[in-house]
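Undergrad: Return atomic coordinates for the entry below.
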Amino acid sequence: LPDEVVQKLVGEAFNRLDPSAQKVMQALAVYNRPVSPAAIDYLLQPHLPSIDSALVLNRLVNIHFARREAGRYHLHPADKEYAFSIIPVEKDLTTKVTKENQEESSRSLRASRLTNAFTQHDLLNRAADYFAQARKPRAEWKKLDDLAAQLAEFELRCEAGGYDTAASVLAEVDSDYLFLWGHYRLVIDLHFLVKDKLQDKSLIITTMYGIGNSYLWIGDAQKAISFYESGLHTAQEEKERGIEGVFLGNLAIAYAALGEPYKAIKFDEQALAVAREIGDEENQANWLIGLGNRYSELGDIQRAIEFYEQGLEYYRKNGHRRNEGSALGNIGSCYADLGDKLKAIEFCEQALVIFREISDRSGESKACEIIGNSFLSFSEYKHAKENFQQAIQIADEISFLTVQLGARSALAETYLFQNDLINAYAAIETALQYNVEKDDYDATALHGIIALRQGERKTAQEAFTKSIAQADEILAKTPEYYSALDAKGLALCGLTICGGRGDPSMPTETNNGKTIPPDKSTVSAGRVAPTVDDAIATFRKARKIAPHAGVVKSVLRLFDELVKCDEEGILKGVREVIAG
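TA: Numbers count the residues shown, from 1 in each chain. Predicted coordinates:
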């Protein structure tokens, strides 16, 4: 039936109900979700003080006006739409929250807004108040379902036009709970509902920060940067020095994710300077860790460890468990690069224990990946696979894009080293579905090696060509990015085995999806035949930057898999260069 006919029929049926039943239906329409009789009683109490909604609700169920599931009641969408539409609309649906009343307790703030008008606006706010007082105790917040009351309140505040109030509700749970549990896309979606409608500057800053962090953790560093820059601008306008430092530090992380460690170092140093200026010891530690990350990426492992240890000392002294876990994992990765198995595993397992104790799912997933990589670097394949599979399982549950790519790629390597080419190929094909710009060149080069081992020469050729393009995109910004140099060197070796050139008809794409024009093409575009000398020169650059035992060993093992396809001995002499 046409919508207007349906609405007419619904209206006629609604008008035959007694006034109390109509009010109960309107209350269900306001909540717009299954609720208990207690919720209906709370909403209607100012208007029908003696209402016993349980009796009315059961009668509505019996005459098919309401539906009941597990003791909760809701309406069919057509009934909900009509019942809500005939509630009077209040013109002013905005609620501005000033800095002064932000300082009030949330309880008194909610109490100050209680009204008795039977309007959509006031009913939505009273429904939100019901969920505000129906929250579970904070000690019981362990999973998403435990925050159902806050999420319902947030939605109702938005529907009532109280976007600042809604943002305040979200701010209580986004970073320490939703984000910690890995619900990055949910955090983005919720913040997007309010971000362009906020009045309070502190809430605007919080929203930009939450969205930026979530985009960064799902692998979209470019979008993260735009929100960090917006938040930084607002913080500077408001002269919020501490918050300014936080955005500077997060910009460092985002630029590092794009393969620009030198630019990242500048932001880290600016953030550190701000933290020292205002005496913010916690963020001094955070930006010291950031500098450790940058120097690790540049191959200066010992210097990285020094920065990590400085940050770790502060975190332990002040009981910052999550950050302590991250610092321990970073140190473990460094020792794996240095070829120190015992220290690598020791630090990583300490990190894993902490993340599990505090229910940090993203940290747990990353720690499992790091432990897996440590076992892989020491050829302990069984333990490596177990940890990668744990990392993948958690990453899939929380949409942790970086680990979804990294752990699957590492799992593909593990299968490759065990000569299980079928599972290796399946793992790398799945990994490549997750686009993380900074790490793609590694995964794509690995794809080429596995494909070549399986005799799929054309697929290998395309993968090697694309890997070189991706590595060159990073190297154009940071020539010292040793992992990109190693991936490029392996891909160049792969192309020489495939017959020299990449496919001249193949439009090679960079990470941002732009096709390289023929007149701009280089080896990266697959049109200039690479030579063994090209590969050797590339590996020499990498070893000059990162001669560390763990790094060298990892590259050598991939090269050894690749050279199994070198029937003509084209790559003779390359291994010695990789070994440094």
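
Undergrad: quick one: secondary structure of the residue nearest to residue 175 when sequence neighbours are not counted?
TA: Leaving aside its chain neighbours, residue 175 sits nearest to residue 210 (6.5 Å; criterion: Cβ to Cβ, 6 or more residues apart in numbering). All C-beta atoms are positioned from the backbone trio N, CA, C, and that covers glycine. The local conformation at residue 210, judged by DSSP: H, G, I helix; E, B strand; the rest coil, is helix.

Undergrad: wait, what's in contact with residue 210?
TA: 170-171, 174-175, 179, 187, 191 (Cβ atoms under 8 Å, 6 or more residues apart in numbering).

Undergrad: Give me the helix or strand of this structure that scores worst on average pLDDT.
TA: Within the chain, judged by mean pLDDT, DSSP states H and E, the helix or strand with the poorest mean is helix 106-111; its value is a mean of 44.

Undergrad: What's the first helix or strand after that one?
TA: For helix 106-111, the succeeding helix or strand toward the C-terminus, using DSSP states H and E, is helix 120-133.

Undergrad: Check which helices and strands that next one is in contact with.
TA: Judged by 3 or more Cβ pairs under 8 Å, 6 or more residues apart in numbering; DSSP states H and E, helix 120-133 is in contact with helix 19-31, helix 37-44, helix 106-111, helix 148-159.

Undergrad: What is the burial count for residue 79?
TA: Close neighbours of residue 79, defined as other Cβ atoms under 10 Å, add up to 22.

Undergrad: How about it: what's its closest non-neighbour residue?
TA: residue 10 (5.8 Å).

Undergrad: my read is that neighbour is in a helix, agree?
TA: Yes. Per three-state DSSP, residue 10 lies within a helix segment.

Undergrad: What residues does it make contact with?
TA: 78-79, 82.

Undergrad: Residue 359 now?
TA: 142, 180-181.

Undergrad: Strands - which of the residues you listed land there?
TA: Assigned to strands by DSSP state E, none of these qualify.

Undergrad: Between those residues, which sits nearest residue 292?
TA: residue 180 (22.3 Å; Cβ to Cβ).

Undergrad: Mind giving me the ChimeraX select for the contacts of residue 210, buried ones only?
TA: Applying 16 or more other Cβ atoms under 10 Å to the contacts of residue 210, the buried members can be selected in ChimeraX as follows:
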select :170,171,174,175,179,187,191
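
Undergrad: Lowest-confidence one in the contacts of residue 210?
TA: In terms of pLDDT, the lowest of the contacts of residue 210 is residue 179, showing 82.

Undergrad: if I pick it, what's in contact with it?
TA: Here residue 179 is in contact with 187, 210, 213-214, 217 (Cβ under 8 Å, 6+ apart).

Undergrad: gap between it and residue 486?
TA: Computed as Cβ to Cβ, to the nearest Å, the residue 179 to residue 486 distance reads 33 Å.

Undergrad: After the longest helix seen in the chain, which helix or strand is next? Please name it.
TA: The residue-count maximum for a helix in the chain (DSSP state H) belongs to helix 457-477. As assigned by DSSP H and E, the chain's next helix or strand after helix 457-477 is helix 482-498.

Undergrad: And the average pLDDT for the next helix or strand after that following helix is what?
TA: Next along the chain after helix 482-498, taking DSSP H and E as the criterion, comes helix 532-545. Helix 532-545 carries an average pLDDT of 93.

Undergrad: Next: stretch 450-468.
TA: 95.

Undergrad: Name the residues of that stretch that are buried.
TA: Neighbour-count burial for stretch 450-468, counted by 16+ other Cβ under 10 Å, picks out 450-453, 459-468.

Undergrad: and if you look at stretch 56-68?
TA: Buried residues in stretch 56-68, defined by neighbour count with 16+ other Cβ under 10 Å: 56-57, 59-60, 65-66.

Undergrad: and what of stretch 419-435?
TA: For stretch 419-435, by 16+ other Cβ under 10 Å, it's 421, 424-428, 430-432, 434.

Undergrad: same question for it, mean pLDDT?
TA: Stretch 419-435 shows a mean pLDDT of 90.

Undergrad: from here on, count from 462
TA: Sure thing, new numbering starts at 462, so read that last one as stretch 880-896.

Undergrad: Could you export that stretch as CSV, keeping only the C-alpha atoms?
TA: Extracted in CSV, the C-alpha atoms of stretch 880-896 (Å, rounded to 0.1, in the frame of the first residue of the first chain):
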residue,chain,number,x,y,z
ASN,A,880,57.0,-24.6,1.9
ASP,A,881,53.2,-24.6,2.3
LEU,A,882,52.6,-22.5,-0.8
ILE,A,883,48.8,-23.0,-0.9
ASN,A,884,48.2,-21.6,2.6
ALA,A,885,50.9,-18.9,2.0
TYR,A,886,49.1,-17.7,-1.1
ALA,A,887,45.7,-17.7,0.6
ALA,A,888,47.1,-15.7,3.5
ILE,A,889,48.8,-13.1,1.4
GLU,A,890,45.7,-12.7,-0.9
THR,A,891,43.6,-12.0,2.2
ALA,A,892,46.2,-9.6,3.6
LEU,A,893,46.2,-7.5,0.5
GLN,A,894,42.5,-6.7,1.0
TYR,A,895,43.6,-4.4,3.8
ASN,A,896,45.2,-1.3,2.4
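
Undergrad: got a list of contacts for that stretch?
TA: Taking contacts as Cβ under 8 Å, 6+ apart, the residues outside stretch 880-896 that touch it are 680, 862, 865-866, 869-870, 872-874, 876-877, 904-905, 907-908, 911-912, 914-915, 972.

Undergrad: Please list only the buried members of those residues.
TA: Buried members of the contacts of stretch 880-896, scored by 16+ other Cβ under 10 Å, are 680, 862, 865-866, 869-870, 872-874, 876-877, 904-905, 907-908, 911-912, 914, 972.

Undergrad: Go through those residues and flag which are in helices.
TA: When DSSP H defines the helices, the subset of the buried ones among the contacts of stretch 880-896 inside them is 862, 865-866, 869-870, 872-874, 876-877, 904-905, 907-908, 911-912, 914.
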